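S.K.: My questions are about this predicted structure, shown below with the sequence.
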Amino acid sequence: MTASYQVGTRPESIEAICVPAHPQQDVLSGEARRAQLQQAQDQLARRGAVLVAHYYTDPLMQELAEISGGFIGDSLEMARFGAETEASTVVVAGVRFMGETAKILSPNKTVLMPTLAAECSLDLGCPPDEFAALRARHPDRTVVVYANTSAAVKAQADWVVTSSIAVDLVAHLHAQGEKILWAPDQHLGRYVADQTGADMLLWDGACVVHEEFKAQGIERMKAVYPEAAVLVHPESPKPVLALADRVGSTTQLLKATQDMPQQQFIVATDRGIFYKMQQANPHKTFIEAPTAGNGATCRSCAHCPWMAMNQLDALMQSLQGDQQEIRVDPELRERALVPLRRMLDFAAARK
């Protein structure tokens, strides 16, 4: 019988750790857009830098990554690319834990971010000292942490996972009779427990974007678009997962839009992914799943406020110095590298 528990101390309110979204970049004319992208591309080249952008960043940032020889992907793919690139400088357009991961895997490279203020609610909601106290109370459990954590939390883990490999990894550990201590996303953890039957002790954390998707909103959207398939990221609450035609990581959902026959998709994840979904399926329609429920105040509107801080002007400023450089203590890096390497080796063995 699976035992699934919820532990940890969440912030008193999500608003306490959520920052306002960066103002949306003004719509540029085609000529102005090309000029701005060219300027940023030239600056990357002068610095000998490669841009690695997450699917949730601004479309302009993703386009720059494409035309400059960089990379767009989820956190696992970003980690792989950052470690394998020959560039001496890696610019990570995403949130802080992604920059830390790049630095842990590539200590001899300079790792920059457009802004170090780009945080993650899951990371902020799992303080290293509180997590250490929980670990000490459950020494019999294998510690598995989501990539959306600080280097200090990763350094305490046996394994690091991303949403794309979480089910497979926990199934592997469960088959060996191991009990799991999981942090920090409770919704992803509960989904993994349901899929694998593993005994999982869950930290009480959530993503400010995915927790806002509500089943009633998606049901109403389905009534308007009855032929649409529902795509849901597993960081979403369980009632939302129950409505999904496909549950998966950002990369898995992108692939689903190409594999599935439907021409319309209701997408319950950060709307930044629409750039690649539309690019891969120009004749299909993608609909943003509603957030915050009936009468509630939308805090993220299906877009991470910290991801929104990755703007071209901030990127170009970061390339001019080292004010936005990611640094990780060498001893902490060595400890965090162990579970990260295990993740990459496990993922590579599944290919």
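M.R.: Alright, I've got the coordinates.
S.K.: Leaving out chain neighbours, which residue sits closest to the spatially most central residue of the chain?
M.R.: The chain has Ser75 as the residue nearest its centroid, 5.7 Å off, counting by CA atoms, centre = their mean. Spatial nearest neighbour of Ser75, excluding adjacent residues (CB to CB, 6 or more residues apart in numbering): Ala147 at 4.8 Å. Heads up, the C-betas are built off the backbone N, CA and C, glycines and all.
S.K.: Contact partners for the one you found?
M.R.: Shown in contact with Ala147 (CB atoms under 8 Å, 6 or more residues apart in numbering): 75-76, 79, 97-98, 101, 160-162, 343.
S.K.: Please parse the protein into its domains.
M.R.: When the chain is parsed with automatic domain parsing, its domains come out as 4-10+122-208+332-349, 30-120+307-330, 210-288.
S.K.: Cys301: which of these is closest?
M.R.: domain 210-288 (8.2 Å; CB to CB).
S.K.: so what secondary structure elements neighbour the helix or strand containing Ala133?
M.R.: Under the criterion of DSSP states H and E, Ala133 resides in helix 128-137. Counting contacts by 3 or more CB pairs under 8 Å, 6 or more residues apart in numbering; DSSP states H and E, helix 128-137 is packed against helix 151-154, strand 180-183.
S.K.: Run through who's touching the next helix or strand after that helix.
M.R.: Scanning forward in sequence from helix 128-137, with DSSP H and E defining helices and strands, the next element found is strand 142-146. The set of residues that contact strand 142-146 without belonging to it, under CB under 8 Å, 6+ apart, is 122, 126, 135, 153-154, 156-163, 166, 169-170, 173, 178-185, 188, 339.
S.K.: Repeat that for stretch 170-177.
M.R.: For stretch 170-177, the surrounding residues in contact (CB under 8 Å, 6+ apart) are 142, 144, 159, 161, 180, 192-193, 195-200, 346.
S.K.: does Ala53 count as helix, strand or coil?
M.R.: Secondary structure assignment for Ala53 (DSSP: H, G, I helix; E, B strand; the rest coil): strand.
S.K.: how far away is it from Val167?
M.R.: Distance of Ala53 to Val167, computed by CB to CB, to the nearest Å: 26 Å.
S.K.: Comparing these two, which residue is more hemmed in?
M.R.: In this view Ala53 and Val167 are compared by other CB atoms under 10 Å, and Ala53 has more residues nearby, 31 against 21.
S.K.: what about Phe274, which helix or strand?
M.R.: Phe274 is part of helix 274-280, with elements assigned from DSSP H and E.
S.K.: Double-check that Val92 belongs to a helix.
M.R.: No: the secondary structure assignment for Val92 gives strand rather than a helix, going by three-state DSSP.
S.K.: which residues does the residue lying closest to it once chain neighbours are set aside contact?
M.R.: Leaving aside its sequence neighbours, Val92 sits nearest to Gly99 (CB to CB, 6+ apart; 4.4 Å). Taking CB under 8 Å, 6+ apart, we find Gly99 in contact with 92, 111-113, 116, 326.
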